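> Sequence first, then the predicted structure, then my questions.
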Amino acid sequence: MTAHTIVPAVRGATAACPITVPQAKNNRRRGDGFTRDQRSGRWGAIAAGARASVALLLSLAIVACATASAPHIGKTARPENRLPLSELSRTETTWTAKDLKLHYLAAQAGDNLEISGFVEFGSNLAKYPVINAFRVYLHYLDAEGLVLDSKLLWSTGVNNEYRFVRWTFERQWPVPPPATAVGFSYRGGASEAGGDKGFGQTKTGWEVYKAP
């Protein structure tokens, strides 16, 4: 502690009588046993830990969003699902899978790929009145069939009735320089009444998935 000297004025006195008043330091201990400096360091460490946790959660969310928007990157497409870019022409072509048909016109125009067409569901899906968050992707592949990039080609909202679905698509994207082919994949479902949270939550329906 430091001391301050106060000299009060006393009526009629010729000399002052100094009074020493103890002054507590700012860093005195509180009721929890910590000094201000200790408490500041303690809460600073907690705040730093909280900031680190938030940063980690944000990074995980970004990774999750990136994975959802561009799935299958780094995976290898099956040989039958590798369509050479050099063979694409502006004539109608149909990619047939178990659950749907993809009718499209596609061609490489300079550094871009242009593709348009429409989706036709198979009977296992068409018999249900509600579509649950369906997505069809186009994948750029290298010479070994490795997925370089993924693009959302066609999608529906959550729990859409057939009459509200736009079945056509028209897209244009840059072609990554190493890409020599494209492939397709899809994921989604259809049901009698739809689900509360989109894919994976259908009620009395059918869920489908196909990797590239």
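Cool, the structure landed.
> Confidence-wise, which helix or strand of this structure is lowest on average?
strand 19-23 (a mean of 43; mean pLDDT, DSSP states H and E).
> Neighbours of the closest residue to L88 other than its chain neighbours, how many?
What sits nearest to L88 in space, not counting adjacent residues and going by C-beta to C-beta, 6 or more residues apart in numbering, is A106, at 4.5 Å. Just so you know, the C-beta spots here come from the backbone N, C-alpha and C atoms, and that holds for glycine as well. A106: 21 surrounding residues under other C-beta atoms under 10 Å.
> Might one say that A106 is in contact with T94?
No. A106 is not in contact with T94 according to C-beta atoms under 8 Å; the separation is 11.7 Å.
> for the residue nearest to A179 when sequence neighbours are not counted, what are its contacts?
Sequence neighbours aside, Y140 is the residue nearest to A179 in space, at 4.0 Å (criterion: C-beta to C-beta, 6+ apart). Applying C-beta atoms under 8 Å, 6 or more residues apart in numbering to Y140 gives the contacts 147-151, 175-176, 179, 181-182.
> Give me the pLDDT for Y140.
Among the per-residue scores, Y140 shows a pLDDT of 98.
> so what strands line up beside the helix or strand hosting it?
Applying DSSP states H and E as the criterion places Y140 in strand 130-141. Strand pairing for strand 130-141, determined by DSSP bridges: strand 147-155 (antiparallel), strand 160-161 (antiparallel), strand 181-191 (antiparallel).
> With only the CA atoms kept, save it in CSV.
Taking C-alpha atoms only, strand 130-141 is exported to CSV below (Å, rounded to 0.1, in the frame of the first residue of the first chain):
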residue,chain,number,x,y,z
VAL,A,130,-43.8,-34.7,-53.6
ILE,A,131,-40.1,-34.3,-54.4
ASN,A,132,-37.7,-33.8,-51.5
ALA,A,133,-34.6,-31.7,-52.1
PHE,A,134,-33.4,-33.4,-55.3
ARG,A,135,-30.0,-32.5,-56.7
VAL,A,136,-28.2,-33.5,-59.9
TYR,A,137,-24.5,-32.6,-60.3
LEU,A,138,-22.1,-32.4,-63.2
HIS,A,139,-18.5,-33.3,-62.4
TYR,A,140,-15.3,-32.3,-64.3
LEU,A,141,-12.9,-35.3,-64.6
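> Now stretch 179-198: buried residues?
Going by neighbour count (16 or more other C-beta atoms under 10 Å), the buried part of stretch 179-198 is 179-191, 194-195, 198.
> Sorry, slip of the keys, the one I care about is stretch 128-139.
By 16+ other C-beta under 10 Å, the buried positions in stretch 128-139 come out as 128, 130-139.
> One more: stretch 144-154?
Using 16+ other C-beta under 10 Å as the test for burial, stretch 144-154 gives 145-150, 153-154.
> now swap in stretch 71-84 and tell me
Residues of stretch 71-84 classed as buried by neighbour count (16+ other C-beta under 10 Å): 71-72, 76-77, 81-83.
> which stretches of the protein have low pLDDT?
Along the chain, the parts satisfying pLDDT under 70 run over 1-69, 194-203.
> backbone phi and psi for T76, please?
Backbone dihedrals for T76, given as degrees, to the nearest 10, come out at phi -110, psi 130.
> One more: the one 4 residues further on?
The main-chain torsion angles of E80 are listed as degrees, to the nearest 10 and equal phi -70, psi -10.
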